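Trainee: coordinates for the following, if possible.
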Amino acid sequence: MQYTEFKAAIQQHLKRKRQGATWVELRETLALPYERACPEWTRRLEEEIGLVRRKGEGRALVWALKTIVPKAKAHV
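Mentor: Here you go, the predicted structure:
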């Protein structure tokens, strides 16, 4: 699996699952061939698709896409 395939799979899954997913959920659902996420690829996902990882239950990190809140228009 190349990085571009990995990126597309993660991005598509997290767009559908807004609440996010742990690495184990991503790995099993997407049949990813990696025991752990590659730190270099993870950093690239943070920069390229807005991946955020937040504390979940126990030691798990929940992967999600950064939500962009549109700025409210100022009343003039």
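
Trainee: contacts for the longest helix along the chain, please.
Mentor: Longest among the helix segments of the chain by residue count, using DSSP state H, is helix 3-16. For helix 3-16, the external contacting residues (CB atoms under 8 Å, 6 or more residues apart in numbering) are 20-21, 26, 29-30, 32, 41, 44-45, 48-49, 51, 63-65. Just so you know, the C-beta spots here come from the backbone N, C-alpha and C atoms, and that holds for glycine as well.

Trainee: redo that, cut-off 10 Å
Mentor: For helix 3-16, contacts defined as CB atoms under 10 Å, 6 or more residues apart in numbering pick out 1-2, 20-21, 25-26, 29-34, 37-38, 40-42, 44-45, 48-52, 63-65.

Trainee: need the contact list for Glu27.
Mentor: Small correction: residue 27 is Arg, not Glu. So Arg27 contacts 21, 33-37 (CB under 10 Å, 6+ apart).

Trainee: ok, now Leu51?
Mentor: With contact taken as CB under 10 Å, 6+ apart, Leu51 is in contact with 7, 10-11, 14, 20, 41-45, 63-66.

Trainee: from the residues you listed, which land in strands?
Mentor: When DSSP state E defines the strands, the subset of the contacts of Leu51 inside them is 63-65.
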